[in-house]
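K.L.:
sequence first, then the predicted structure, then my questions.
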Amino acid sequence: MMAVSSSVRTIPENGIAALAGWLAAAVALAGLAAVQPAVAAGAAAGAAAVAAWRWPRAAGSVGAWVVLALRPSLDAFSVRGLGLSPFALDPSVIVGVAVLGLAAVLALRRARDGRRVWPDRTLLRTHVWLLAAYAIGFYSGSRLYGGAGFGEGAREMVRVASIIAAFLLVLWWAEADAGRYRLGWTALAVGAVIPVVVALGELVTQVGYREPSGLLRLEGTFSHPNAFGQYLAPFVLVAVGAAIAGRGAARLGSFAVAAALSVLVALTYSRTAILVVATGVAVLPLLRGRALGRGAVARAVIVVSLFIGLVWLIAGPYVEERFADISFGTTAWQLAVAGQSENSFQWRIINWGGLILLGMDHPLFGHGMGMTTQLNPLSNEENGLPFNAHNDFVRFFFETGLAGLICYVVYGLLLCSWALRQVRLAAPARGPTAQAVAAALLAMFFLTIGAPELSLNTASLYALYGMLALVRAGTPTPSPASSRPGPAR
């Protein structure tokens, strides 16, 4: 009894007070949530903000793991519904808002401590162009369509801000400790486990997303097979890059991972995801040679050729099946106009043409962000929802006009240029990863001519931006003298 009393006396009085205060706050918040959920949510957000300010390192670690490991499993909740408000809440939206709020708190803390919010000024200038494009669309939609345009634009502004915030969270977290580079890639791998396991379950049970023809397409935890395929594509390229640079068992293991993920991409039957993998793999040897010379190109071509041969041997029939139905006959065009051939190539051409013609009504500043899925005359006959543009460049012309499209293209050029610079600056051991991430960005943005509609694939952007942040954190920042070009070697 004396020992217990002695132990109790060793607890500081302020610790007991803090514990009592925490319990009282938890009880009060639970009672408030039953009566006023919105007020309770605000109180919880405020408490979380105070905790993040007080313990920024712990908060940053939690935020980085949410971005890298949790977000891919929430994409299925982001499915659009007819008549849903732009501000409808779901787990993916809540996580996005939480990431944005956490980044804002940590940015203020960094500014107070005298640290840069944007460690890389080039990236700041790059994203000013992106925000300019979205600001144009927000202004245009609000001016043309009032509250509807304002709501759609505000949602898009918050969404893209959360993506940038996710990038900064991972970058701040990874730069604080050299060991977090490897830990960050572990988090990305952990985040891919649940989507892949769910997709394998779909394959085994034959239950999942089915086309009207009865074709089963794997979608994992994503809102659509296209989104799942595009999410996997950068992982395929990273594994191929590791196989090119590796030796022995490491090379074989990377080769096996790349082949297995490529088969999953093929089973999504997403043409755009297949094209992303194909163009990314094609450009990898060039990036390898740019960093290490012509000899490296030859070795990379051999590994890539073996990889393509193996994947084609396993998944070739699935790829052929998906591309076999492309036709331009009268019947195909009639089905496309009727919205009954959503994923066909000829349907996309009609969709793009119709949106471009409609966009010419407001060619300078467009119809407003998010208005494609409100104004597109082609709609899905199953749920009545207007289709997306299925092309980033068409989407930005329709929603932001020529001015916004130019801003978006400049953003893409600057971001790809920055990624290629990271390839040049990367340490030899991390060069293959930097090359693979740059190849993925080039493929998803320009090499597939905007067809993946990357700007709308939030989960894919979280993962891709997370990879870019890890690449940047793992790259030594050159001094002004060392950044000048030296003699050729």
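P.N.:
Yes, it's here.
K.L.:
quick one, phi psi at Leu364?
P.N.:
phi -80, psi -50 (degrees, to the nearest 10).
K.L.:
burial measure for it, as a count.
P.N.:
Burial of Leu364 is recorded as 11 neighbouring residues (other CB atoms under 10 Å). From N, CA and C alone the C-beta is placed, and that goes for glycine too.
K.L.:
was I right to think it contacts Gly401?
P.N.:
Yes - counting by CB atoms under 8 Å, Gly401 is a contact partner of Leu364 at 4.6 Å.
K.L.:
low-confidence stretches in the protein?
P.N.:
Within the chain, the segments meeting pLDDT under 70 span 1-41, 43, 79-87, 291-293, 318, 320-345, 382-383, 476-489.
K.L.:
mind listing the strands for it?
P.N.:
Remark: strands assigned in the chain by DSSP state E are 209-210, 216-217.
K.L.:
mean neighbour count added to these, as CSV?
P.N.:
Listed next are these as CSV, based on neighbours: other CB atoms under 10 Å:
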stretch, mean neighbour count
strand 209-210, 14
strand 216-217, 19
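K.L.:
could you dump the ones you listed to CSV with distance to Pro432?
P.N.:
Formatted as CSV, the strands of the chain follow (distance: least, CB to CB, whole Å):
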stretch, distance to Pro432
strand 209-210, 34
strand 216-217, 31
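K.L.:
so which of these is nearest Gly60?
P.N.:
Ranking the strands of the chain by proximity to Gly60 (CB to CB) places strand 209-210 first, at 36.0 Å.
K.L.:
got the contact list for that closest one?
P.N.:
With contact meaning CB atoms under 8 Å, 6 or more residues apart in numbering, strand 209-210 is reached by 202, 216-219, 224-225.
K.L.:
all helices of the stretch 201-350 of the chain, in order?
P.N.:
Listed in chain order, the helices of the stretch 201-350 of the chain (DSSP state H, counting those that start in this stretch) span residues 225-245, 248-267, 271-292, 294-323, 330-337, 345-359.
K.L.:
now do the residue nearest to Trp172 when sequence neighbours are not counted: how many residues are near it, please.
P.N.:
Closest residue to Trp172 apart from its sequence neighbours, by CB to CB, 6 or more residues apart in numbering: Gly60 at 5.8 Å. When neighbours are defined as other CB under 10 Å, Gly60 has 22 of them.
K.L.:
now Ala107
P.N.:
18.
K.L.:
check contacts around it.
P.N.:
Counting by CB under 8 Å, 6+ apart, Ala107 has contacts 117, 168.
K.L.:
what's the separation between it and Asn376?
P.N.:
To Asn376, Ala107 is 37 Å away according to CB to CB, to the nearest Å.
K.L.:
most neighbours per residue, which of the helices of the stretch 201-350 of the chain?
P.N.:
Looking across the helices of the stretch 201-350 of the chain with neighbours counted as mean count of other CB atoms under 10 Å, the highest average goes to helix 225-245: a mean of 27.
K.L.:
which helices and strands does it pack with?
P.N.:
Contacts defined by 3 or more CB pairs under 8 Å, 6 or more residues apart in numbering; DSSP states H and E place helix 225-245 against helix 180-205, helix 248-267, helix 271-292, helix 294-323, helix 431-442, helix 458-473.
K.L.:
ok, the residue nearest to Trp172 - contacts?
P.N.:
Counted by CB under 8 Å, 6+ apart, Gly60 has contacts 106, 169, 172-173, 176.
K.L.:
now restrict those residues to buried residues only.
P.N.:
106, 169, 172-173 (16 or more other CB atoms under 10 Å).
K.L.:
which member of those residues is positioned nearest Leu470?
P.N.:
For the buried ones among the contacts of Gly60, the nearest to Leu470 is Trp173 (9.7 Å; CB to CB).
K.L.:
how many residues are close by the closest residue to the closest one other than its chain neighbours?
P.N.:
Taking CB to CB, 6+ apart, and ignoring the residues beside it in sequence, Trp173 has Ala64 as its nearest neighbour in space, at 4.0 Å. Each residue near Ala64 was counted by other CB under 10 Å, and the total is 26.
K.L.:
ok, Ala64 - contacts?
P.N.:
Contacts of Ala64 by CB under 8 Å, 6+ apart are 169-170, 173-174, 180, 184, 187.
K.L.:
apply 10 Å and report the result again.
P.N.:
99, 166, 169-174, 176, 180, 183-184, 187, 466, 469-470 (CB atoms under 10 Å, 6 or more residues apart in numbering).
K.L.:
need the max-distance pair from those.
P.N.:
Farthest apart among the contacts of Ala64 by CB to CB are Val99 and Leu183. That separation is 18.6 Å.
K.L.:
settle it for me: which of these two has more neighbours?
P.N.:
Val99 (24 against 17).
K.L.:
the more buried one contacts Leu68, doesn't it?
P.N.:
No - Val99 lies out of contact with Leu68 (CB atoms under 10 Å); the separation is 11.2 Å.
K.L.:
spit out the residues that contact these two alike.
P.N.:
Common neighbours of Val99 and Leu68 (CB under 10 Å, 6+ apart) are 166, 169, 462.
K.L.:
TSV for these, including distance to Arg290?
P.N.:
Shown next, in TSV, are these (distance: CB to CB, whole Å):
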residue	distance to Arg290
Ala166	29
Leu169	30
Tyr462	28
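K.L.:
which member of the residues you listed is positioned nearest Gly474?
P.N.:
Checking those against Gly474 with CB to CB, the nearest one is Leu169 at 16.3 Å.
K.L.:
Leu284 versus the closest one, what's the distance?
P.N.:
28 Å.
K.L.:
same question, Ala278
P.N.:
11 Å.
K.L.:
joint contacts of those two?
P.N.:
Counting by CB under 10 Å, 6+ apart, the shared contacts of Ala278 and Leu284 are Ala443.
K.L.:
packing partners for the top helix by length along the chain?
P.N.:
When every helix of the chain is counted residue by residue (DSSP state H), the longest turns out to be helix 121-175. Other helices and strands packing on helix 121-175, by 3 or more CB pairs under 10 Å, 6 or more residues apart in numbering; DSSP states H and E, are helix 56-65, helix 91-112, helix 180-205, helix 372-375, helix 392-425, helix 458-473.
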